[in-house]
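Novice: Sharing a model prediction with you, sequence too.
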Amino acid sequence: PPAVWSKAEETTFLEFLVQALASSGDGGFKKTTFNQASEHLRAKYPHQRGAEKSGTICRNKWTVLKKSYHSVVEIKCTSGFTWSDEHGAGI
């Protein structure tokens, strides 16, 4: 089964990456950072749903979250569209 992410797990994951940002360098997060994030999630949420959130799964999640973020930024900057952080695009 695929990994299932709760909002709390996503928040914990992103907070972990924010803390790791200073040591990530200019090239982005390294494999070891995602492996550490996986260990952090496993310790905080020992009964995860779906597949284990391995370092690779964490890296993939980060890629999806970044893509979603950039899509929202693009929508916010497009003329004729409105965006609310509370309500989204309203569609």
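Specialist: Arrived safely, thanks for sending.

Novice: contacts, neighbours, all on C-alpha from now
Specialist: Will do.

Novice: just checking, residue 28 is part of a strand?
Specialist: No. Read with DSSP: H, G, I helix; E, B strand; the rest coil, residue 28 is coil and lies in no strand.

Novice: Number of residues surrounding it?
Specialist: Residue 28 has 10 neighbouring residues, counting by other Cα atoms under 10 Å.

Novice: All further residue positions should be reported with the first residue as 9.
Specialist: Fine by me, first position is 9 from now on; the one you just mentioned is residue 36.

Novice: Pull the residues that contact the worst-scoring helix or strand of the chain on mean pLDDT.
Specialist: Least confident element among the helices and strands of the chain, by mean pLDDT, DSSP states H and E: helix 63-85 (a mean of 90). Residues from elsewhere that reach helix 63-85 (Cα atoms under 8 Å, 6 or more residues apart in numbering): 11, 39, 40, 41, 42, 43, 44, 45, 46, 89, 90, 91.

Novice: Just give me the neighbour total for the second one.
Specialist: When neighbours are defined as other Cα under 10 Å, residue 39 has 13 of them.

Novice: wait, residue 9 sits on residue 59?
Specialist: Yes. Counting by Cα atoms under 8 Å, residue 59 is a contact partner of residue 9 at 5.6 Å.

Novice: The residue at the greatest distance from the centre of the chain in helix, strand or coil?
Specialist: Farthest-out residue of the chain from its mean C-alpha position, per Cα atoms, centre = their mean: residue 88, at 28.4 Å. Of the three states, residue 88 takes coil under three-state DSSP.

Novice: separation between it and residue 10?
Specialist: Here the criterion is Cα to Cα, to the nearest Å. By it, residue 88 lies 37 Å from residue 10.

Novice: and what of residue 94?
Specialist: 28 Å.

Novice: returning to what we had before: mind listing which of the contacts of helix 63-85 are in helices?
Specialist: If you go by DSSP state H, the contacts of helix 63-85 have 39, 40, 41, 42, 43, 44, 45, 46 in helices.

Novice: Looking only at neighbour counts, state which of residue 9 and residue 59 leads.
Specialist: When neighbours are counted by other Cα under 10 Å, residue 9 and residue 59 differ, and residue 59 comes out ahead with 12 against 7.

Novice: Cool, thanks, signing off.
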